[in-house]
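> Whatever this is, show me its structure:
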Amino acid sequence: MMDDRPASAWIGHDLGERTVSWTERDAILYALAVGARADELDLVFEDRLRTLPTFGLTLAQWAPDALGGLGAFDAGRALHGAQRLEVLADLPPRGELTMSARVEAVWDKGSAAVFEVRVDSPCFVARWSIFAPGQGGFGGERGPGGRAAAGGGPPGLTAPVATFAEQAALYRLCGDRHAIHIDPAASRAIGQERPILHGLCTMATSLVGLARALGEHPADLREAEVRFTSPVLPGDVLSLAAHVEGRSAAFEVGKDGRTVLGSGRAGFGG
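Below is the predicted model:
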């Protein structure tokens, strides 16, 4: 049920703490779900496992879900607009992590509000931007504009990013079991011909592909952000175009002339 307070009332709202645990099986399942290959042993073999940093986003998904559950926005209409991740320390192959979350800001976009949900942990800081139609117009600040697209001139690096037909069915076992990713009736209800791929799965798969193209290890990711601009269907072959500077890149990911991930940025270290 929707809360009847204005969206601005949620600014600074404390979403509390959550402690989560995981094992090597969870980290391996996640890696396979975002495109790790069987020969990438340090992503899929427990004896030498490195955990992908974006796995932390599955551990922290409880925070935006909790805000929707409190009635801050209509979870059935809200859209995941953007995602940011700052890596502070490597996630171990198995472990336990305590996270805290709060509503960092709420921006007034006129016809909609954008809720910025921040999750802090010893290993990462993650920020969700949730676009909530019909909840703007409360007189608040519009917030920062979107980042400029990848730098001028032709991209210095291009690469295909392959998804696979079973990818949404596999990725949902990592935590996001929304019906639009598995049930054709649910996907048709939102105007899609068949179940769509999770935005965070598209993001992570693209970052794995970017790392390969750069000659980096995907577990060395240290920061990333993207805007979600168009849905992806499992099995789509996407195209990544990047402007590279050292171990960082500004990138976009597209399909048939449309952008699916915009204003992408990533940096690697380690």
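
> CA atoms for contacts and neighbours, from now on please.
Noted.

> Give me the helices and strands touching the one helix or strand residue 206 maps to, please.
Per DSSP states H and E: residue 206 is located in helix 199-214. Counting contacts by 3 or more C-alpha pairs under 8 Å, 6 or more residues apart in numbering; DSSP states H and E, helix 199-214 packs against strand 157-162.

> Could I get the CA-only coordinates of the next helix or strand after the strand it packs on as CSV?
Using DSSP H and E, the next helix or strand after strand 157-162 towards the C-terminus is helix 167-171. Backbone C-alpha positions of helix 167-171 (Å, rounded to 0.1, in the frame of the first residue of the first chain) are rendered in CSV as follows:
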residue,chain,number,x,y,z
GLN,A,167,20.2,-15.9,-18.4
ALA,A,168,17.2,-14.2,-16.7
ALA,A,169,16.0,-17.6,-15.4
LEU,A,170,19.5,-18.2,-13.9
TYR,A,171,20.1,-14.7,-12.6
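
> Which elements pack onto helix 167-171?
Packed next to helix 167-171, using 3+ C-alpha pairs under 8 Å, 6+ apart, are helix 24-33.

> chain center to stretch 43-56: distance?
On the basis of C-alpha atoms, centre = their mean, to the nearest Å, stretch 43-56 is displaced by 18 Å from the centre of the chain it belongs to.

> what is the mean pLDDT for it?
Average pLDDT, stretch 43-56: 98.

> okay, that stretch in PDB with CA atoms only?
Presented in PDB, the C-alpha positions along stretch 43-56 are these (Å, rounded to 0.1, in the frame of the first residue of the first chain):
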ATOM      1  CA  LEU A  43      35.400 -17.100 -11.100                       C
ATOM      2  CA  VAL A  44      33.800 -20.500 -11.100                       C
ATOM      3  CA  PHE A  45      36.100 -22.900  -9.100                       C
ATOM      4  CA  GLU A  46      36.000 -22.700  -5.300                       C
ATOM      5  CA  ASP A  47      39.700 -23.700  -4.900                       C
ATOM      6  CA  ARG A  48      40.900 -20.300  -6.300                       C
ATOM      7  CA  LEU A  49      37.700 -18.200  -6.300                       C
ATOM      8  CA  ARG A  50      37.600 -14.400  -6.600                       C
ATOM      9  CA  THR A  51      34.200 -12.800  -6.000                       C
ATOM     10  CA  LEU A  52      32.900 -10.300  -8.600                       C
ATOM     11  CA  PRO A  53      32.400  -6.900  -7.000                       C
ATOM     12  CA  THR A  54      29.000  -6.500  -8.500                       C
ATOM     13  CA  PHE A  55      27.800  -9.500  -6.500                       C
ATOM     14  CA  GLY A  56      27.600  -7.000  -3.700                       C
END
